[in-house]
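Asks: Show me how the following folds:
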Amino acid sequence: VFGLMGGCGPSQQRFFLQMIGLNSLVACSDTTLRTQMRRLQDAVVSWGECTRSELAKTMPLRNVSLGVDETFFAKMVLVGMDVSAGFILLEKYSERRDAQTWQKAVESGKEGLKINVVQVVGDQAKALCALARDRLGVAKIEDLWHGQNAITRGTAGALVAKEEAARRELEKASEEREHVSKSKEEYLRQPGRGHPPNWSARETQAQKRVDAADSALTSATQHRDSLRQAVCELGNVLHPVDLKTGELQNAGKVEKELKGAFDKMDQVIQDAGLGERSQAAVNKARRLIPSWVASIKHWHEMVEANFSDLVLPAETLMLLKLVLIPLLYVNRIIGQANDTVKIKALQVIQKQLRAKLLDPQGLWRTLPTDLRRTLQAVAQDCVDLFQRSTGCVEGRNGVLSLHQHQMRGLNPKLLASLTVIHNFVIVRSDGSTAAMRFFGREPDQPLFEHLCQVLPPPARPRKRARQPKEDILGVGSVSYTHLDVYKRQEYGCPGG
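Replies: Residues are numbered from 1 along each chain as shown. Down below sits the predicted model:
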């Protein structure tokens, strides 16, 4: 837990053992702890390889949406993950990241597993596009987050700068108005000679400056909020299911709404007076629309291909397509959402679809239990086929970065150990591990039990007789008390 999952080094582990009083029972020198860590890593990696091979023998054929990305430390790491299950298929150091290198890494990650890569999800890197289309012969899905991030990086700074400038102008105008008000009060208390100032005109002019600055600040805030809403709208639109109605939506509808969101961004850039850099960032993300629309079309094609293998009445297939799949998809989005308002709106759609499915007079109630379970599994597979983001891979890169910083480097053995920990130990909120979601079952023996059996017990600390220090000056032991007395006697320093 401390050494692998927590990234603690020997000094931190030794300090913990000393704090709880086990240093007198367990050897905790740096050499001993490093030796134990090497043994632990070897045992974890060996168990992971054997367990993966055993689970692969009984796993059903699985369609995989492969999320890929690179992360950089002292050397580059290639990361490939089943986006739906969160199972890491490949995580290894590499000198290159061209399409051929990626293909070899993917083939190595697939070895021994009953999987079929149906699509690759990633950024716009040419090597990843070539990997998907030329090497693997599957669809390449452009990551939504990278498009949204490009827009945000290109516009957020300029919008915030304008908002801060408007806020400073408002503060300045407010101070000027306050100054005019105080000057008027002082003049009225002690009027001077000559014609009195036109305080009404001065107050009116100061108030106009405040109103103009307040209006500019309001507009700047509205521009920032409008652009953020338009960027979020990309994520709300790019779904095979309309989250407002619970109905399947085709690629044409999605394309229209995506273009509408980008038109809103163009309008904000024009109204806010942003520069060419902001417009270029939006135009760069706009070029992803055809790929995003193609992902919707590709999902519908994969769903129809799954249906072609089913021998069912037409009305049962329609129920599966129009009710069960949308219901499971909405359930998935509810689990991913963190906005309370959005969750409540989705729960309304969920309730409507569930009522339609469980209608006492409906078809679902008349189907045998085994058939209903089969249809649910088919529908869940169809839902899992739609993937638009590599957020899980980006999160994994962040975790590796933290470990690399804590451990001052990740050697290949430690990296392989962390991969096993991720796949077989770390659990989600539902209590499932990545291996459970990927293979369909847990290992026969948990990793911790295996480690307790194969690793030797901790060594006892070596007992050494402490040798007294030699008094080379012949003055006995010197403490800070002697030094304090000397200072007070010689220099008159206050004691106590």
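Asks: and the helix ranked longest in the chain, what other elements does it pack with?
Replies: Ranked by number of residues, the top helix in the chain under DSSP state H is helix 144-189. Under the contact definition 3 or more CB pairs under 8 Å, 6 or more residues apart in numbering; DSSP states H and E, helix 144-189 sits against helix 199-237, helix 251-272, helix 276-286. C-beta here means a position set from N, CA and C on the backbone, and glycine is covered the same way.
Asks: could those helices go into a markdown table alongside mean pLDDT?
Replies: Listed next are the helices and strands packed on helix 144-189 as a markdown table, based on pLDDT from 0 to 100:
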| stretch | mean pLDDT |
| --- | --- |
| helix 199-237 | 93 |
| helix 251-272 | 94 |
| helix 276-286 | 93 |
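Asks: which parts of stretch 351-365 are buried?
Replies: Neighbour counts over stretch 351-365 (16 or more other CB atoms under 10 Å) mark 352-353, 356-357, 364 as buried.
Asks: circling back: quick one: mean pLDDT over the longest helix of the chain.
Replies: For helix 144-189, the mean per-residue pLDDT is 92.
Asks: Could you do stretch 61-77 as well?
Replies: Stretch 61-77 comes out at a mean pLDDT of 89.
Asks: ditto for stretch 107-120
Replies: The average pLDDT within stretch 107-120 is 92.
Asks: May I have the distance across it, first residue to last?
Replies: 14 Å (CA to CA, to the nearest Å).
Asks: quick one: that stretch to chain centroid distance?
Replies: 24 Å (CA atoms, centre = their mean, to the nearest Å).
Asks: In that stretch, which residues are buried?
Replies: Buried, per 16+ other CB under 10 Å, within stretch 107-120: 109-110, 113, 115, 117-120.
Asks: now stretch 279-292
Replies: 279, 281-283, 285-286, 288-289, 291-292.
Asks: Let's see the distance spanning it from one end to the other.
Replies: 20 Å.
Asks: repeat for stretch 353-369
Replies: End residues of stretch 353-369 are separated by 20 Å (CA to CA).
Asks: Could you do stretch 190-207 as well?
Replies: 24 Å.
Asks: before we move on, the earlier item: tilt between the longest helix of the chain and helix 199-237?
Replies: With axes from the mean of the first three to the mean of the last three CA atoms, to 10 degrees defining the directions, helix 144-189 sits at 170 degrees from helix 199-237.
Asks: chain center to helix 144-189: distance?
Replies: 33 Å.
Asks: before we move on, what about stretch 190-205?
Replies: Offset of stretch 190-205 from its chain centre (CA atoms, centre = their mean): 61 Å.
Asks: Now name the helix or strand holding residue 68.
Replies: Residue 68 belongs to strand 62-72 when assigned by DSSP states H and E.
Asks: picking up where we left off before, among the buried residues of stretch 107-120, which lie within strands?
Replies: With strands taken from DSSP state E, the overlap with the buried residues of stretch 107-120 comprises 115, 117-120.
Asks: Send me the helix or strand containing residue 415 as PDB with only the CA atoms.
Replies: Secondary structure assigned from DSSP H and E places residue 415 in helix 412-424. Output in PDB follows, covering the C-alpha atoms of helix 412-424 (Å, rounded to 0.1, in the frame of the first residue of the first chain):
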ATOM      1  CA  PRO A 412      10.100  -0.700 -16.100                       C
ATOM      2  CA  LYS A 413       9.500  -3.100 -13.200                       C
ATOM      3  CA  LEU A 414       7.700  -0.500 -11.100                       C
ATOM      4  CA  LEU A 415       5.700   0.600 -14.100                       C
ATOM      5  CA  ALA A 416       4.600  -3.000 -14.700                       C
ATOM      6  CA  SER A 417       3.700  -3.300 -11.100                       C
ATOM      7  CA  LEU A 418       1.500  -0.200 -11.200                       C
ATOM      8  CA  THR A 419      -0.300  -1.600 -14.200                       C
ATOM      9  CA  VAL A 420      -1.200  -4.700 -12.300                       C
ATOM     10  CA  ILE A 421      -2.400  -2.700  -9.300                       C
ATOM     11  CA  HIS A 422      -4.600  -0.600 -11.600                       C
ATOM     12  CA  ASN A 423      -6.100  -3.600 -13.400                       C
ATOM     13  CA  PHE A 424      -6.700  -6.000 -10.500                       C
END
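Asks: neighbouring contacts of it?
Replies: The contact list for helix 412-424 (CB atoms under 8 Å, 6 or more residues apart in numbering) reads 4-5, 38, 40-42, 44-45, 47-48, 51-52, 77, 87-88, 91-93, 396, 399-400, 403, 407, 410, 433-435, 438, 443, 447.
Asks: What about residue 422, how many residues nearby?
Replies: 21 (other CB atoms under 10 Å).
Asks: now the one 10 residues further on
Replies: A count of nearby residues for residue 432, using other CB under 10 Å, gives 14.
Asks: OK, contacts around it?
Replies: Taking CB under 8 Å, 6+ apart, we find residue 432 in contact with no residue.
Asks: Against residue 85, how distant is it?
Replies: Per CB to CB, to the nearest Å, residue 432 is found 9 Å from residue 85.
Asks: Pull the contacting residues for residue 397.
Replies: Residue 397 sits in contact with 69, 71, 79, where contact means CB under 8 Å, 6+ apart.
Asks: Rebuild the residues you listed as CSV, extending it with distance to residue 267.
Replies: Shown next, in CSV, are the contacts of residue 397 (distance: CB to CB, whole Å):
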residue, distance to residue 267
69, 33
71, 37
79, 38
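Asks: From those, list the buried ones, please.
Replies: Looks like those have 69, 71, 79 buried, using 16+ other CB under 10 Å.
Asks: Quickly find the element holding the last one.
Replies: Taking DSSP H and E as the definition, residue 79 sits inside strand 76-82.
Asks: Going by neighbour count, list what's buried in stretch 12-24.
Replies: 13-14, 17, 23.
Asks: With distance to residue 221 as added columns, please give these in a markdown table.
Replies: Output for the buried residues of stretch 12-24, formatted as a markdown table (distance: CB to CB, whole Å):
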| residue | distance to residue 221 |
| --- | --- |
| 13 | 50 |
| 14 | 53 |
| 17 | 54 |
| 23 | 58 |
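Asks: gap between residue 38 and residue 293?
Replies: Counting by CB to CB - residue 38 and residue 293 are separated by 51 Å.
Asks: and these two? which has more neighbours close in?
Replies: Using other CB under 10 Å, the more surrounded residue of residue 38 and residue 293 is residue 293, with 20 against 13.
Asks: contacting residues for residue 450?
Replies: 43, 47.
Asks: ok, now with 7 Å
Replies: Going by CB atoms under 7 Å, 6 or more residues apart in numbering, residue 450 touches residue 47.
Asks: quick one: residue 21 is in a strand?
Replies: No. Residue 21 is assigned coil when assessed by DSSP: H, G, I helix; E, B strand; the rest coil, not a strand.
Asks: which parts of the strand holding residue 79 are buried?
Replies: Quick answer for strand 76-82 (16+ other CB under 10 Å): 77-82.
Asks: how far out from the middle of the chain is that strand?
Replies: 15 Å.
Asks: next SSE after that strand?
Replies: Trace forward from strand 76-82 with DSSP H and E and the next one is strand 87-94.
Asks: ok, how many other residues are close to the closest residue in space to residue 5 that isn't next to it in sequence?
Replies: Nearest residue to residue 5, sequence neighbours excluded (CB to CB, 6 or more residues apart in numbering): residue 421, at 6.0 Å. Using other CB under 10 Å, residue 421 has 16 neighbouring residues.
Asks: The one 5 residues further on now?
Replies: For residue 426, the tally of surrounding residues (other CB under 10 Å) stands at 12.
Asks: Okay, it and residue 110: tell me how far apart.
Replies: Distance from residue 426 to residue 110, by CB to CB: 22 Å.
Asks: now swap in residue 147 and tell me
Replies: In terms of CB to CB, residue 147 sits 28 Å off from residue 110.
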